[in-house]
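# dropping the sequence and predicted coords here.
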Amino acid sequence: MNAIVKKALPLWGWHGADYTLVAARENAVYRVRFRGETYALRLHRIGYRSDAELRSELDWMAAISKGDLNAPSPIPTLSGKTLLTIDNTQIDALSWLSGAPLSEHFPSENRASIFYQLGQNMAKFHIISDAWTPPDTFTRPAWNRDGLLGETPLWDRFWENPQLSTNEQTLFRQVRTQANALLSRHEETLDYGLIHADLVPTNVMYDAQRLTFIDFDDGGYGYRLFEIATALLKFTRDPDYPALRAALIKGYTNKREINLELLDFFMLLRALTYVGWNISRMNDKGGQARNARFINTALELTKYLKNIN
């Protein structure tokens with residue numbers, strides 16, 4: 001990767017810049033320091049997104065950064081391009097944002113106040129996205145009924161996860177059928193639009209004053225309840241989860257109205273997506289243990305189907 005970075009830096013005019021790898025998950029992200037300024041250089045996972053999808057993401061991020069919300073903005077090359085391909089790797093550069101991910105720095109005190117701010121920012125994000133008119137070339141994935149429960153979901157066929165027992169596979173197939181029918185009945189009335197789709201603690205930066213959203217890799221069209229469920233799901237076993245959930249919802253609804261009747265159902269849908277997502281990552285470090293957690297969480301949340309019509 002370093003060889004690609006060295007080829008990329010001059011294209012932004014950053015000759016001799018210092019750079020450090022700061023994240024190596026789905027994408028490789030480098031912090032670049034040049035003449036007193038700091039930037040983020042992203043090397044995208046090969047084959048995950050098309051050039052059109054990435055350019056759409058960058059257009060969207062530029063629109064968000066111009067709104068009442070702090071977000072990364074694209075940095076064009078000297079020739080004015082926002083996306084390049086070097087050695088079969090797609091590369092872009094973004095403004096650098098201060099703070100640390102909530103996954104690394106989530107204070108033990110005032111957690112509910114942080115979630116209140118998270119809810120407010122999420123609502124602002126949806127308001128700005130709704131007010132923006134994407135270009136005709138805009139293309140991003142859709143977290144709709146087909147993307148969540150269709151034959152080829154965005155994050156793989158969760159009901160075929162190889163660590164599921166025969167009974168669990170049967171249950172998840174039944175859950176998929178029930179969930180598909182339920183969503184079909186309600187989807188026309190659900191709040192749907194552009195969503196980040198991955199507002200987990202690693203993608204929310206905190207600097208003691210404000211929160212910032214990063215990593216729009218999976219952003220696209222989807223249900224706003226799915227957005228809220230994503231932010232909540234990883235905290236469901238925390239002792240203060242009821243307070244966090246109440247604070248996030250209060251922050252959101254103070255800025256933007258939303259019908260929360262099916263929120264628990266979307267908690268289940270979000271949990272099922274992780275069971276599918278991990279199928280291709282089973283052999284990663286910690287993949288087996290992570291898979292077991294995802295399955296257990298989804299099994300636990302199937303209870304929500306019993307109380308929804």
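Cool, got the structure.

# what's the helix or strand containing L269 packed up against?
If you go by DSSP states H and E, L269 is part of helix 263-277. Counting contacts by 3 or more C-beta pairs under 8 Å, 6 or more residues apart in numbering; DSSP states H and E, helix 263-277 packs against helix 145-149, helix 166-186, helix 224-233, helix 287-301. Just so you know, the C-beta spots here come from the backbone N, C-alpha and C atoms, and that holds for glycine as well.

# if we use 7 Å, what do you get?
Other elements packing on helix 263-277 under the criterion 3 or more C-beta pairs under 7 Å, 6 or more residues apart in numbering; DSSP states H and E are helix 224-233, helix 287-301.

# quick one: residues in contact with the first one.
With C-beta atoms under 7 Å, 6 or more residues apart in numbering as the test, helix 224-233 has contacts from 118, 122, 126, 143, 190-191, 193, 195-200, 245, 248, 252, 258, 262-263, 266-267, 269-271.

# now restrict those to buried residues only.
Using 16 or more other C-beta atoms under 10 Å as the burial test, the contacts of helix 224-233 include 118, 122, 126, 143, 190-191, 195-200, 245, 248, 252, 258, 262-263, 266-267, 269-271 as buried.

# spatially central, which residue of this protein would that be?
Per C-alpha atoms, centre = their mean, the C-alpha nearest to the average position across the chain is that of D198, at 1.6 Å.

# name the SS class of that one, please.
The assignment at D198 comes out as coil when based on DSSP: H, G, I helix; E, B strand; the rest coil.

# hang on, isn't it packed against G220?
No - if you go by C-beta atoms under 7 Å, D198 and G220 don't touch, sitting 10.3 Å apart.

# and W14, how far from R290?
Distance of W14 to R290, given as C-beta to C-beta, to the nearest Å: 36 Å.

# more neighbours, these two?
W14 (22 against 16; other C-beta atoms under 10 Å).

# OK, contacts around that one?
Going by C-beta under 7 Å, 6+ apart, W14 touches V32, F34.

# pLDDT score assigned to it?
Here, the pLDDT recorded for W14 equals 97.

# kindly report the same for S103.
You'll see S103 listed with a pLDDT of 89.

# what helix or strand is T212 on?
strand 211-213.

# ok, and what's touching that strand?
With contacts defined as C-beta under 7 Å, 6+ apart, strand 211-213 is touched by 70-71, 97, 99, 117-118, 121, 125, 196, 199, 203-205.

# centre of the chain to it, how far?
Distance of strand 211-213 from the chain centroid (C-alpha atoms, centre = their mean, to the nearest Å) equals 12 Å.

# what is the neighbour count of the residue lying closest to R25 once chain neighbours are set aside?
Of all residues not flanking R25 in the chain, T202 sits nearest, at 7.6 Å (C-beta to C-beta, 6 or more residues apart in numbering). Neighbourhood size, T202 [other C-beta under 10 Å]: 16.
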